[in-house]
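Student: Need the 3D shape of this:
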Amino acid sequence: MQIETLKKIGLSEKEAKVYLCLLRLDYATATKISKETEVERSLCYSILQKLIGRGLVSYFYQKKARMFKATGPQKLLEDLKEKESEIQKIMPSLISLTMNKKNPAKAEIYQGIKGIQNIFKDMIKEKKDYLFFCEEEGKFQKVLPIYLEQFLRKIEDEGIKEKILVKRGIKIPKSKNSFVRYLPKDYFSPISTIVYGNKVALVVWSEPYYAFLIENKEVADSFKSYFNLLWKIGKER
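Tutor: So this is what the prediction gives:
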């Protein structure tokens, strides 16, 4: 259960194992962590570096041995609050985009897994080709793996085409109607952007999960223009 929860907030299964191992041991060498978690030693080092980068692990030296130590679990909660704070910062500018009196807009907020699923149900209902700008880690398939398979079958049945921009190195499930291009990681944020018809959905793939849906032609056209610009830059492999 702990591993599944940590996966939902952005850790891979092996990252979660390493982090939980360190919480249990207090501190340990990479060799000890590798043995306890059954994660290959070189991969264990790589995972530790990622966790250090996220502020979840620190290290010190004891008798010339490098010892790793987990940061307290409250850091995970701080990270979630920080993500929510970042979204709150951009909300006024996002909403202001919809304040066109000549072309009034609708803005809605969906919360939770069911809320996000409602966005994808609406995409099927619209039956429009769509643009999908993945967030930095391609979490759709991690958070909703079974639903994603069903969704891809549905768009294939409906003849809906998708263009996807994804971070180089990330593997994503595709249908025969999927067209994918890859960009360096610097182009991505923790938020997915989906454009379909006159609608733009911004999806946050970390608990408690949010989706912001804006319905406005001018806003959608602006996002389409930006997407198409990046599409020209993207590589097919």
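Student: mind listing what Y19 touches?
Tutor: Under the criterion of CB atoms under 8 Å, 6 or more residues apart in numbering, the contact list for Y19 reads L6, L11, L51, L56, V57, A70. Using the backbone N, CA and C atoms, a C-beta is placed for each residue, glycine as well.
Student: I'd guessed the last one sits against L56; true?
Tutor: Yes - A70 is in contact with L56 according to CB atoms under 8 Å; the separation is 6.6 Å.
Student: any idea how the protein splits into domains?
Tutor: Taking automatic domain parsing as the domain assignment, the record places the domains of the chain at 2-72, 81-233.
Student: how about these in a markdown table, adding mean pLDDT?
Tutor: Formatted as a markdown table, the entries for the domains of the chain read as follows, by pLDDT from 0 to 100:
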| stretch | mean pLDDT |
| --- | --- |
| domain 2-72 | 86 |
| domain 81-233 | 83 |
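Student: quick one: V195 is in a strand?
Tutor: Yes - residue state for V195 (DSSP: H, G, I helix; E, B strand; the rest coil) corresponds to a strand.
Student: secondary structure element for F179?
Tutor: strand 178-183 (DSSP states H and E).
Student: tell me which strands and helices that strand is in contact with?
Tutor: If you count contacts as 3 or more CB pairs under 8 Å, 6 or more residues apart in numbering; DSSP states H and E, strand 178-183 packs onto strand 162-167, helix 217-233.
Student: how about the helices in the chain?
Tutor: Listed from the start of the chain, the chain has helices (DSSP state H) covering 2-8, 13-25, 30-37, 41-53, 74-96, 112-126, 140-143, 145-158, 217-233.
Student: Could you dump those into a markdown table with distance to K106 added?
Tutor: A markdown table is the format used below for the helices of the chain (distance: least, CB to CB, whole Å):
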| stretch | distance to K106 |
| --- | --- |
| helix 2-8 | 29 |
| helix 13-25 | 38 |
| helix 30-37 | 48 |
| helix 41-53 | 39 |
| helix 74-96 | 11 |
| helix 112-126 | 12 |
| helix 140-143 | 24 |
| helix 145-158 | 23 |
| helix 217-233 | 11 |
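Student: wait, which of the ones you listed is closest to I191?
Tutor: Within those, the stretch nearest I191 is helix 74-96; the backing value is 7.4 Å (CB to CB).
Student: buried sites along the closest one?
Tutor: Neighbour-count burial for helix 74-96, counted by 16 or more other CB atoms under 10 Å, picks out L76, D79, K83.
Student: ditto for stretch 203-215
Tutor: Of the residues in stretch 203-215, those scored as buried under the neighbour-count criterion (16+ other CB under 10 Å) are V203, V204, W205, S206, Y209, Y210, A211, F212, L213, I214, E215.
Student: Return the two entries of the residues you listed that lie farthest from one another.
Tutor: For the buried residues of stretch 203-215, with distances taken as CB to CB, the pair at the greatest spread is S206 and E215 (24.5 Å).
Student: May I have stretch 3-21 exported as CSV, CA atoms only?
Tutor: Taking Å, rounded to 0.1, in the frame of the first residue of the first chain, the C-alpha atoms of stretch 3-21 are listed here in CSV:
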residue,chain,number,x,y,z
ILE,A,3,4.6,1.7,-2.5
GLU,A,4,1.3,2.3,-4.4
THR,A,5,0.7,5.6,-2.7
LEU,A,6,4.3,6.8,-3.4
LYS,A,7,3.8,5.8,-7.0
LYS,A,8,0.7,8.0,-7.2
ILE,A,9,2.7,11.0,-6.1
GLY,A,10,5.4,10.6,-8.7
LEU,A,11,7.9,7.9,-7.5
SER,A,12,8.6,4.8,-9.6
GLU,A,13,8.2,1.4,-7.8
LYS,A,14,11.9,1.0,-7.3
GLU,A,15,12.3,4.6,-6.1
ALA,A,16,9.6,4.0,-3.6
LYS,A,17,11.3,0.8,-2.4
VAL,A,18,14.6,2.6,-1.9
TYR,A,19,13.0,5.5,-0.1
LEU,A,20,11.0,3.2,2.3
CYS,A,21,14.1,1.1,2.9
